[in-house]
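Novice: Would you be able to build a 3D model of this:
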Amino acid sequence: MTLVVSDLSRYGFIMVGDSAVTIQQNDTIVGIRGGAKKVQYSRKANVGITMWGYGQVGEKSLDSWIADFIESEIDSKDELKQVGQRLANRLNEELSKTKKPWSELVCGFHLAGYKNGNPKLWHVHCGHEHEERHELRLYKDFPDDQGWTDEDFQNSLLHGHFCHLRNGYHPIFASLFDSILNYSETLRQNFNIKFPHDSFEGRLRFYKLLVQFVADTLVAAGEHPGVNNVLSAIAFNQNGPVFDEPLPVAQEIEIPSEGAHLCY
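Specialist: Here you go, the predicted structure:
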């Protein structure tokens, strides 16, 4: 499992992810490693990508494959739709070679970028939780799939508001997030403290704090540490990165022996 969160506000995009990798054999956890670069960014196209789920493509770890994809298959002229569809098509080709059913290959990618100056927070995945699992497809979550126009989204809905995608340990994150909103309101009413601070950096620190809190909660509760507190993150707007905090360089994640697989 994992925890990746991608936020869109009037400041731009924030993408945060942990770096834990679980090794599974059938339904049994047989190990855990760190070092996965789950938040990546294309400077050429000004597009952010996070990843979760089934964690290997052939003889490569998923984050290594995505790094190669960004380097070789994304061009400065590409729009977000082209990136998302190309990502889905290429991975469908590769993952179908495993001959496994899609229910065993579930993975997904948050995509963040701009089209004609309008922010888009989209998602490539294998179907919503109520759907039968299928090949990777591009979903245009915000704003398109909500029925919102770009103008309304930018001028009204994002003014003082936000939206985000979250995957991995998202039920635990959701409970924490709801509680934090109540805590934030208490801080505002009783101490005149704005939490998170109304700034790009404030929102970035906020999401990093929450992901790290989930990681430390799992350890304190004696649960499987499927989320760790070693993070990668990026905050960017239409002009490019504002804060870039990539994961420190680490050794390539070793692909497990036959019969086991990586899970992000």
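Novice: unless I'm mixing things up, Ala215 is touching Met1, no?
Specialist: No: Ala215 is beyond contact range of Met1, at 11.1 Å (criterion: Cβ atoms under 8 Å). Glycine gets a C-beta too; all of them are placed from N, C-alpha and C.
Novice: Between these two, which contacts overlap?
Specialist: Listed as contacting both Ala215 and Met1 by Cβ atoms under 8 Å, 6 or more residues apart in numbering are 20, 227.
Novice: May I ask which helix or strand encompasses the residue of the chain most remote from its centre?
Specialist: Farthest-out residue of the chain from its mean C-alpha position, per Cα atoms, centre = their mean: Asn190, at 34.0 Å. In this assignment (DSSP states H and E), Asn190 forms part of helix 170-191.
Novice: Same question for His161.
Specialist: With DSSP H and E as the test, His161 turns up in no helix or strand.
Novice: Show me what the residue lying closest to it once chain neighbours are set aside is bridged to.
Specialist: Once flanking residues are discounted, His161 sits nearest to Ser9: 7.6 Å by Cβ to Cβ, 6 or more residues apart in numbering. Ser9 has these beta-bridge partners by DSSP bridges: Gly12.
Novice: pretty sure Ser9 is in contact with Gln154, am I right?
Specialist: No: counting by Cβ under 8 Å, Gln154 is not a contact partner of Ser9; they are 11.3 Å apart.
Novice: Show me the helices in the stretch 151-264 of the chain, by range?
Specialist: 170-191, 200-220 (DSSP state H, counting those that start in this stretch).
Novice: how about the ones you listed, which one is nearest Leu136?
Specialist: helix 170-191 (18.6 Å; Cβ to Cβ).
Novice: helices or strands up against the closest one?
Specialist: Applying 3 or more Cβ pairs under 8 Å, 6 or more residues apart in numbering; DSSP states H and E, we find helix 170-191 packed against strand 3-9, helix 200-220.
Novice: From Ile253, how far off is the residue nearest to His161?
Specialist: Ser9 sits at a distance of 32 Å from Ile253 (criterion: Cβ to Cβ, to the nearest Å).
Novice: Counting neighbours, go ahead and name the busier of those two.
Specialist: Higher neighbour count among Ser9 and Ile253: Ile253, with 23 against 18, using other Cβ atoms under 10 Å.
Novice: could you measure that one against His110, distance?
Specialist: 20 Å.
Novice: swap in Val16?
Specialist: 10 Å.
Novice: Also His125?
Specialist: Counting by Cβ to Cβ - His125 and His110 are separated by 9 Å.
Novice: More neighbours: those two, which one.
Specialist: Shown here are His125 and His110; by other Cβ under 10 Å, His110 has more neighbours (28 against 23).
Novice: Just the buried positions in stretch 132-147, please.
Specialist: Within stretch 132-147, the residues that count as buried by 16 or more other Cβ atoms under 10 Å are 136, 138-144.
Novice: Show me what Gly168 bridges to in the sheet.
Specialist: Bridge pairing for Gly168 - DSSP bridges - gives Leu3.
Novice: Report the beta-bridge partners for the closest residue to Gly31 other than its chain neighbours.
Specialist: In this structure, Gly31 finds its nearest non-sequential neighbour in Ile23, 4.0 Å apart by Cβ to Cβ, 6+ apart. Taking DSSP bridges as the rule, Ile23 bridges to Gly31, Leu262.
Novice: For Ile23, grab the count of nearby residues.
Specialist: Neighbour number of Ile23 under other Cβ under 10 Å is 20.
Novice: Which single one of the buried residues of stretch 132-147 is nearest to Lys81?
Specialist: So of the buried residues of stretch 132-147, ranked by how close each gets to Lys81 (Cβ to Cβ), first place is Leu138, at 7.2 Å.
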